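**Student:** Turn this into a model:
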Amino acid sequence: MAKQDLMEKIISLAKQRGFIYPGSEMYGGLANSWDYGPLGVELKNNIKSMWWDMFVRRRDDIVGIDAALIMNPKVWEASGHVSEFNDPMVECKKCHSRFRADHLKESKCPQCGGALTSAQQFNMMFRTHLGPVANDDNLVYLRPETAQAIFVDFKNVLQTSRKTVPFGIAQIGKAFRNEITPGNFIFRTREFEQMEIEYFIPAPKNDKDWEQLFKEWVSAMHKWIELVGINPNKVHELEVPKEKLAHYSKKTIDFEFDFPFGKDELYGLAYRTDFDLKTHEKHSGQNTKYRDPVSGEEFWPHVIEPSLGVDRTLLAILCSVYEQDDKREVLHLKPQLAPYKAAVFPLMRNKPELVEKAQNIYHDLRSKYMIAWDDRGNVGKRYYSQDQIGTPYCITIDFDTLDDDTCTIRDRDTMEQERLKVAELEGYLREKLV
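**Tutor:** Below is the predicted model of the structure:
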């Protein structure tokens, strides 16, 4: 399948089956705005839940926060976002389209071939005003990242959680960037969701101290990629050259993915040194140092930051698990991620005894898992429909069920079927969904 065809098929399936819709569609849409439908929000929530479970609940050295979207604008002045968070922008002199200069391969407009202006720096912060009067006195910003709230809350978390360095603070939340040229479906949007950790480590005495921890986080990122079913053969590590590093970073690795539109950044892992806490102390006048409970030494912890996007994760998963052949269209989602864990069918919808038995099983399983009910068309069409949305197991209630209380369960990936006692269904699903 051609790469562009793959992208078009994924976008079409996403809308057709209720994963992702164009935003504000009934009013003509809004450029690069997307809404997550019933299945999309389930998949998205499952991704976030798995990330939180892996990096927060199952580790005793990481805690979580959920900070405000709008912060005191002095935060962004201190962090360098007001002065440094810029992209080079050019404008076509003919059609007036605007582009990021560093994304263009030619010096002519890709839309009409017109001449371009010289590049100017464009700040990507979204501005708004706090209160009823719009003036410079109440200018605030929608946060462009979740990281700064973690640094600002560092001392509060330290005191209330009683953690000791090394430890991390995690956050999942929305961020906003006024991108010049968003696009490629949900890959680059102006409103997006991040999963980030700031992992605080002792001030290194030499490079080996932080490099070993950095390697451990590289391994953790690859374990996550495997856990959610992103194709590891399409993931590549790129160490960002020194001249392209962010102003706060001493080392950054981009985890790039082979998307249908080309290789591009999926995740980032940065060694931010002690830049952030030191900078916030300088600008706020508040002490941000950590005191070692054993030695009494005070220092600014250094930071390793794994940064992951929820939307890009979801897109990379769809690109990894989508398959189409002559017979069916399938999402081979990990069962833990699938919006529905199973679907329950009555063999025939016009037989009350079958429908009643199937409904009883459906309601019993639905009290424990997300379960779909499907009685449309024949069983073959129902299988096809459930394969499209990634449901891993389909349970058919037939006339034998009424006699011996057994049912047919069909595996999405192998298409094999087996008979099980109805009483065994919950245990079967529990074992498969671990």
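
**Student:** lowest average confidence, helix or strand, in the protein?
**Tutor:** strand 120-123 (a mean of 80; mean pLDDT, DSSP states H and E).

**Student:** what's next to the helix or strand following that strand, contact-wise?
**Tutor:** Next helix or strand after strand 120-123 toward the C-terminus (DSSP states H and E): strand 126-129. Contact with strand 126-129 is made by Ile70, Asn135, Asn138, Leu139, Val140, Tyr141, Leu142, Pro144, Phe176, Arg177, Asn178, Arg190, as judged by C-beta atoms under 8 Å, 6 or more residues apart in numbering. (Glycine included, C-beta is placed from N, CA and C.)

**Student:** Need the buried ones from the residues you listed selected in PyMOL.
**Tutor:** Restricted to buried positions by 16 or more other C-beta atoms under 10 Å, the PyMOL selection for these reads:
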select buried, resi 140+141+142+144+176+177+178+190
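
**Student:** Just give me the residue right at the centre of the protein.
**Tutor:** Val310 (1.0 Å; C-alpha atoms, centre = their mean).

**Student:** Shouldn't Gly296 be within a helix?
**Tutor:** No: Gly296 is assigned coil when assessed by DSSP: H, G, I helix; E, B strand; the rest coil, not a helix.

**Student:** For it, give me the pLDDT.
**Tutor:** Listed pLDDT for Gly296 reads 95.

**Student:** since we're on it, how many residues are nearby?
**Tutor:** 7 (other C-beta atoms under 10 Å).

**Student:** Just the buried residues of stretch 233-251, please?
**Tutor:** In stretch 233-251, counting by 16+ other C-beta under 10 Å, buried: Lys234, Val235, Val240, Tyr248, Ser249, Lys250, Lys251.

**Student:** same thing with stretch 156-170?
**Tutor:** By 16+ other C-beta under 10 Å, the buried positions in stretch 156-170 come out as Val157, Leu158, Lys163, Val165, Phe167, Gly168, Ile169, Ala170.

**Student:** same question, stretch 249-268
**Tutor:** 249-260, 265-268.

**Student:** Show me the strands in the stretch 301-434 of the chain, by range?
**Tutor:** 302-309, 322-324, 329-331, 342-346, 371-373, 393-397, 406-411, 417-421 (DSSP state E, counting those that start in this stretch).

**Student:** Let me see the contact set for Asp387.
**Tutor:** Arg328, Glu329, Val330, Leu331, Arg412.

**Student:** Give me the contact list for stretch 133-147.
**Tutor:** Residues outside stretch 133-147 that contact it (C-beta under 8 Å, 6+ apart) are 67, 69-73, 76, 81, 85, 124-131, 149, 171-173, 175-177, 194, 196, 198, 276, 305, 307.

**Student:** Point out the ones among those residues that are inside strands.
**Tutor:** Among those, the members falling in strands (DSSP state E) are 70-71, 126-129, 171-173, 175-176, 194, 196, 198, 305, 307.

**Student:** out of these, who has the most neighbours?
**Tutor:** Result: Glu198 is most packed of the ones in strands among the contacts of stretch 133-147 (other C-beta under 10 Å), 26 neighbours.

**Student:** Might one say that that one is in contact with Gly168?
**Tutor:** Yes: judged on C-beta atoms under 8 Å, Glu198 makes contact with Gly168 at a distance of 6.4 Å.

**Student:** before we move on, the earlier item: most packed of the strands of the stretch 301-434 of the chain?
**Tutor:** strand 342-346 (a mean of 26; mean count of other C-beta atoms under 10 Å).

**Student:** what lines up beside that one in the sheet?
**Tutor:** strand 371-373 (parallel), strand 393-397 (parallel) (DSSP bridges).

**Student:** Which elements pack onto the helix or strand where Ile225 lies?
**Tutor:** Element membership of Ile225, judged by DSSP H and E, is helix 207-227. Judged by 3 or more C-beta pairs under 8 Å, 6 or more residues apart in numbering; DSSP states H and E, helix 207-227 is in contact with strand 191-201, strand 235-239, strand 251-259, strand 262-273, strand 302-309.

**Student:** Let me know the closest of the buried residues of stretch 249-268 to Gly380.
**Tutor:** Pro260 (29.6 Å; C-beta to C-beta).

**Student:** residues contacting the closest one?
**Tutor:** Pro260 touches Lys3, Gln4, Leu6, Met7, Ile10, Cys319, counting by C-beta under 8 Å, 6+ apart.

**Student:** Narrow these to those that are buried.
**Tutor:** Using 16+ other C-beta under 10 Å, the buried ones in these are Leu6, Met7, Ile10, Cys319.

**Student:** Of those, which pair is most distant in space?
**Tutor:** Between any two of the buried ones among the contacts of Pro260 (C-beta to C-beta), the greatest distance is 8.0 Å, for Met7 and Cys319.

**Student:** Could you tell me which residues touch both of the two?
**Tutor:** The contact lists of Met7 and Cys319 share Phe259, Pro260, where a contact means C-beta under 8 Å, 6+ apart.

**Student:** one step back: for the buried residues of stretch 233-251, work out which two are farthest apart.
**Tutor:** Maximum distance among those (C-beta to C-beta): 29.0 Å, for Lys234 and Tyr248.
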